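Student: When you get a sec, could you give me coordinates for this:
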Amino acid sequence: MRRAVGEWCWTAVIGPVTEVLPKDSPLTLLPGGPLRFLPLHMAHTPKDDRGRSTCTRDDRLICFAPGAAALLASEEPVSLTSVTLVCAPGTRAPLRYAPLETDEVHKRHPHATRLDGARAGTAETLAHLARTSLFHLACHATADLREPLNGGLELTDGRLRGRFAPTFGPCMPTFRGF
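Tutor: Purely as a prediction, here's the structure:
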C-alpha cells in the first residue's frame, strides 16, 4: 500500500512539477487541503523495466514551507526583527477588506513597514521580502498549472512571479508568512 501511495504522489503531484523545474533546483512545497496528509517527500517513479524506481529526495533538496495554521499552532514565539505588510487589493475583483485586514495586522505590529498603493509593486515588495522576518500579504495570487513558476502574487504593477523565489534561498528558511 505504501509503495502505491508513493507512486501515486509521483504520478499525480511531484512528477509533473519536477518536469518543469531545472534538474538541480530545490523543491519547496506548501501542500494545502488534502495534499498536506500525503507523504510527498516519499514520492517515487514507477519501477522501470529493471525493477528500479527513483525517490524524489534522491535527486533534489525538498523543503516544506509552513502554512498559516502551522505558524499559529507554534508554541514558540516568532522572533521578529522586521515586519512587512503588503496591501494590493487589486482592481479586477478587488479584495475590498484587504486594507482593513492590513490595518488590523498593523495594530499588532506598529513598527512594520507597510507597502500600499504604488509602493505595493513587484520591485519594492521583492526588496522588502528579501530582508524581512515576517510578512503579511493581502493580495490576489495566481497559479499557472502549465508553467508553475509563472504563477505568483498579483501586486499593484503586475505579478511577482514564483520564479523569483530562488532569490530567497533554497528553502526560504528565514520567512514566516501568512
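Student: Residues contacting stretch 110-117, please?
Tutor: 82-88, 99, 102, 105-106, 124-125, 128, 132, 156 (CB atoms under 8 Å, 6 or more residues apart in numbering). All C-beta atoms are positioned from the backbone trio N, CA, C, and that covers glycine.
Student: Could you tell me which of those residues count as buried?
Tutor: 83-88, 102, 105-106, 124-125, 128, 132, 156 (16 or more other CB atoms under 10 Å).
Student: what would the residues you listed look like in CSV with secondary structure, pLDDT and distance to Pro26?
Tutor: Converted to CSV, the buried ones among the contacts of stretch 110-117 look like this (DSSP: H, G, I helix; E, B strand; the rest coil; pLDDT from 0 to 100; distance: CB to CB, whole Å):
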residue, secondary structure, pLDDT, distance to Pro26
Val83, strand, 88, 26
Thr84, strand, 91, 24
Leu85, strand, 93, 28
Val86, strand, 94, 24
Cys87, strand, 94, 30
Ala88, strand, 92, 27
Thr102, helix, 93, 31
Val105, helix, 89, 29
His106, helix, 92, 33
Glu124, helix, 92, 26
Thr125, helix, 89, 22
His128, helix, 86, 23
Thr132, coil, 82, 21
Thr156, coil, 92, 29
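Student: any low-confidence regions in the protein?
Tutor: Counting by pLDDT under 70, the chain has low-confidence residues at 1-2, 66-80, 145, 163-178.
Student: need the contact list for Asp24.
Tutor: Counted by CB under 8 Å, 6+ apart, Asp24 has contacts Arg60.
Student: right, I mislabeled it, should have said Leu35
Tutor: Leu35 sits next to Val13 when contact means CB under 8 Å, 6+ apart.
Student: My read is that His136 contacts Ala88, right?
Tutor: No. Shown here, His136 and Ala88 do not form a contact pair, counting by CB atoms under 8 Å, at 11.8 Å.
Student: any idea which strand is longest in this protein?
Tutor: strand 134-142 (DSSP state E).
Student: buried sites along that one?
Tutor: Of all the residues in strand 134-142, those buried under the rule 16+ other CB under 10 Å are Leu134, Phe135, His136, Leu137, Ala138, Cys139, His140.
Student: Could you save those residues as CSV and add columns showing distance to Trp10?
Tutor: Output for these, formatted as CSV (distance: CB to CB, whole Å):
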residue, distance to Trp10
Leu134, 34
Phe135, 32
His136, 34
Leu137, 31
Ala138, 35
Cys139, 32
His140, 31
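Student: Specify the local secondary structure of the residue of the chain most remote from its centre.
Tutor: Most distant from the centre of the chain: Arg50, at 36.8 Å, with distances by CA atoms, centre = their mean. Judged by DSSP: H, G, I helix; E, B strand; the rest coil, the three-state class of Arg50 is coil.
Student: now swap in the one 3 residues further on and tell me
Tutor: The local conformation at Ser53, judged by three-state DSSP, is coil.
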